[in-house]
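Novice: I would like the atomic coordinates for the input below:
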Amino acid sequence: MEQLTNPMAEQSVIGGVLLDAESDNAFHAIEVCKTEHFGYRENAIAWQCIQELFAAGQPIDVLTVRDLMDTKGVQNALTYLGDAVRNTPSQANLKTYANTVKKYGMLRLASSALHQAQSILHDKTIQIDDKINLALNELADIGADEGEHKISNLMDHQAELLNQMEKIYQQGSTITGLSTGFENLDYMTGGLRNGDLIIVAARPSMGKTTLVLNMLERIAITSKNPQWALFFSLEMPSQQILQKAWSSLGGVPLSNIINAQVLGDHHQTARLSNAMREVGKSKLMIDDKGGQHITQIQTRAKRMSMRYGKPAVIAVDYLQLIRAEGESQTIRIGNVSAGLKNLAKQMGCPVIALSQLNRGVTGKPTLMNLRDSGSIEQDADMVIFLHDEDYEGDRGDHSLTEIIFAKNRMGKTGCTFLQPELGMSRFADTKRLPEIKQEPKKGKALREEFM
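Specialist: Residues are numbered from 1 along each chain as shown. All right, here's what the predicted structure looks like:
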């Protein structure tokens with residue numbers, strides 16, 4: 001069996017950095033090698049000390065590293081470090097040593113992941129369906145590209161960007177990303193951009209799930225060239241999503257579909273048939289497994305992309321239902337939002353995540369009203385709120401839903417409006433603006449009116 005460690009390379013990396021910690025070779029080693037890449041305890045501790053000193057901007061030499069190793073309980077650290085310096089063949093080859101240490105470290109990590117996956121598959125306490133996903137989670141990052149990322153000059157990107165602009169101009173469209181299917185939203189966004197995390201938040205029953213489903217319907221079902229999309233529904237089962245799609249696409253009241261009264265009306269039955277034909281062209285994939293961990297969502301999305309290619313968009317309903325590690329809810333939500341942002345970058349598509357607002361929100365929501373808002377606001381490229389002045393009153397044909405773009409890194413902030421038709425699980429574009437409400441007269445003017 002092949003040895004999964006290279007003690008000489010590990011020692012040479014440490015010795016090479018100690019010989020000249022300010023060299024380009026040393027900077028490369030510190031960037032490329034992680035503590036877990038070192039297979040021997042003393043080497044791993046020495047490297048951890050080197051990284052800590054580097055991060056703190058402190059000098060790195062035999063004495064400073066020795067002092068830090070002493071605090072970590074390493075015996076005879078000075079002798080160990082002296083041997084590392086003396087046994088380093090050449091500081092000039094430090095990059096090669098570092099790359100070797102990293103490769104052996106990745107081999108051990110892969111071996112550990114395979115062993116853990118095998119243990120999961122043989123664990124009789126875990127259900128079979130869960131075994132597969134948990135094992136795949138362990139294997140998800142094996143072979144991930146952690147190579148050195150090339151830093152480029154800004155001018156190197158000019159030709160590519162100019163070509164993109166020329167294509168957009170020739171198309172005669174201002175939409176540079178993925179169209180949402182709503183003119184008013186596309187005007188504000190310019191389309192959804194690949195790699196972006198978009199947060200859609202509102203109070204309960206405002207229609208945020210309906211709005212996102214409407215976008216997915218337009219992208220993956222009713223467009224001239226439907227593109228496949230993936231919807232993680234952690235709360236609503238697939239059949240309920242289908243009921244909402246039938247209602248939206250057919251213009252049939254959702255209540256009539258739920259209670260089956262649609263079958264007693266010839267006109268509504270015909271509309272339902274049309275909706276079913278539309279759904280027959282669907283490229284919208286639904287994952288309605290509840291209680292998923294953020295790594296499960298990432299893994300399942302990657303598996304789907306291997307089968308169908310890159311998705312046009314991924315949506316998750318909703319962010320606070322995703323499980324993650326963390327000592328507090330705020331930390332857990334931070335890990336979830338960071339994981340979703342990483343998913344958008346890895347998959348090269350927009351990721352839309354629905355989110356709750358803090359309890360007791362009144363009036364128009366702001367970024368401060370996002371539940372556990374710090375990390376969500378930081379990770380998101382776009383934050384969209386839904387607001388309706390008639391939310392607590394009589395929402396009818398006169399109502400308008402205000403779409404507030406509270407954050408938009410590459411587009412407009414401000415607001416636009418959509419016409420809510422929530423009885424049929426849909427929104428519609430509108431050019432109408434809210435009616436100006438008359439303020440009640442007060443004080444003397446009010447008394448005079450009744451005199």
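
Novice: Around the spatially closest residue to Ala312 that is not a sequence neighbour, how many other residues sit close by?
Specialist: Nearest residue to Ala312, sequence neighbours excluded (CB to CB, 6 or more residues apart in numbering): Gln227, at 3.6 Å. (Each C-beta comes from the backbone N, C-alpha and C, glycine too.) Counted by other CB atoms under 10 Å, the residues lying close to Gln227 total 16.

Novice: Quick check: phi and psi on Gln227?
Specialist: phi -110, psi 150 (degrees, to the nearest 10).

Novice: That one: what's it in contact with?
Specialist: Counting by CB atoms under 8 Å, 6 or more residues apart in numbering, Gln227 touches 219-220, 283, 311-312.

Novice: Next, format those as JSON lines and append neighbour count and pLDDT.
Specialist: Listed next are the contacts of Gln227 as JSON lines, based on neighbours: other CB atoms under 10 Å; pLDDT from 0 to 100:
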{"residue": "Ile219", "neighbour count": "26", "pLDDT": "92"}
{"residue": "Ala220", "neighbour count": "22", "pLDDT": "91"}
{"residue": "Lys283", "neighbour count": "18", "pLDDT": "89"}
{"residue": "Pro311", "neighbour count": "24", "pLDDT": "92"}
{"residue": "Ala312", "neighbour count": "22", "pLDDT": "93"}
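
Novice: what's the pLDDT at the residue nearest to Ala312?
Specialist: If you check Gln227, the pLDDT there is 91.

Novice: Check Val351 too.
Specialist: Note on Val351: pLDDT of 96.

Novice: what does Ser399 give?
Specialist: Ser399 is assigned a predicted lDDT (pLDDT) of 79.

Novice: isn't it right up against Pro420?
Specialist: Yes: counting by CB atoms under 8 Å, Pro420 is a contact partner of Ser399 at 5.8 Å.

Novice: Could you identify the longest helix within this structure?
Specialist: helix 94-121 (DSSP state H).

Novice: Please identify the buried residues of it?
Specialist: Across helix 94-121, burial judged by 16 or more other CB atoms under 10 Å covers 94-95, 97-102, 104-107, 109, 113, 117, 120.

Novice: residues in contact with the residue nearest to the spatial centre of the chain?
Specialist: Taking CA atoms, centre = their mean as the criterion, Leu340 is the residue nearest the geometric centre of the chain, at 1.8 Å. Going by CB under 8 Å, 6+ apart, Leu340 touches 197, 294, 297, 316, 319, 351, 353, 379.

Novice: burial measure for the fifth one, as a count.
Specialist: Each residue near Leu319 was counted by other CB under 10 Å, and the total is 23.

Novice: how close does the residue lying closest to Ala21 once chain neighbours are set aside sit to Arg66?
Specialist: Closest residue in space to Ala21, ignoring its immediate chain neighbours: Ile60 at 3.8 Å, by CB to CB, 6+ apart. Using CB to CB, to the nearest Å, Ile60 is found at 11 Å from Arg66.

Novice: Please apply the same query to Gly195.
Specialist: From Gly195 to Arg66 the distance is 44 Å (CB to CB).

Novice: Can you pick out the residue with more neighbours from those two?
Specialist: Shown here are Gly195 and Arg66; by other CB under 10 Å, Arg66 has more neighbours (19 against 15).

Novice: quick one: contacts for the more buried one?
Specialist: Contacts for Arg66 (CB under 8 Å, 6+ apart) come out as 77-78, 81.

Novice: So which bits of the helix or strand where it lies are buried?
Specialist: According to DSSP states H and E, Arg66 maps onto helix 62-71. Within helix 62-71, the residues that count as buried by 16+ other CB under 10 Å are 62, 64-66, 68-69.

Novice: do stretch 335-343 as well
Specialist: Applying a neighbour-count criterion of 16+ other CB under 10 Å, the buried positions in stretch 335-343 are 335-341, 343.

Novice: which of those lies closest to Thr366?
Specialist: Thr366 has its nearest neighbour among the buried residues of stretch 335-343 in Ser337, at 17.7 Å by CB to CB.

Novice: Can you list the residue ranges for strands in the stretch 101-250 of the chain?
Specialist: Remark: strands assigned in the stretch 101-250 of the chain by DSSP state E, counting those that start in this stretch are 197-201, 229-233.

Novice: Do a quick rundown of the strands in the stretch 251-400 of the chain.
Specialist: Here the stretch 251-400 of the chain has its strands, by DSSP E, counting those that start in this stretch, at 284-287, 313-317, 351-355, 382-387.

Novice: so which of these is the most packed in?
Specialist: Mean neighbours per residue, mean count of other CB atoms under 10 Å, is largest over the strands of the stretch 251-400 of the chain for strand 351-355, with a mean of 27.

Novice: Which elements pack onto that strand?
Specialist: Applying 3 or more CB pairs under 8 Å, 6 or more residues apart in numbering; DSSP states H and E, one finds that strand 351-355 contacts strand 197-201, helix 208-217, strand 313-317, helix 329-347.

Novice: Next, the angle strand 382-387 makes with the second one.
Specialist: When axes from the mean of the first three to the mean of the last three CA atoms, to 10 degrees is applied, the directions of helix 208-217 and strand 382-387 differ by 120 degrees.

Novice: Give me the buried positions along helix 208-217.
Specialist: Residues of helix 208-217 classed as buried by neighbour count (16+ other CB under 10 Å): 208-217.

Novice: Between those, which sits nearest Ile45?
Specialist: Closest to Ile45, out of all of the buried residues of helix 208-217 and judged by CB to CB, is Val212, at 48.6 Å.

Novice: Hmm, Ala202 and the closest one touching each other?
Specialist: No: using CB under 8 Å, Val212 makes no contact with Ala202, being 10.7 Å away.

Novice: could you point out which element follows the helix holding Arg66?
Specialist: Next along the chain after helix 62-71, taking DSSP H and E as the criterion, comes helix 77-86.

Novice: before we move on, back to that, can you convert the contacts of Leu340 into a markdown table and add a column each for distance to Tyr187?
Specialist: Listed next are those as a markdown table, based on distance: CB to CB, whole Å:
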| residue | distance to Tyr187 |
| --- | --- |
| Leu197 | 21 |
| Ile294 | 33 |
| Ile297 | 31 |
| Val316 | 25 |
| Leu319 | 26 |
| Val351 | 22 |
| Ala353 | 22 |
| Asp379 | 25 |
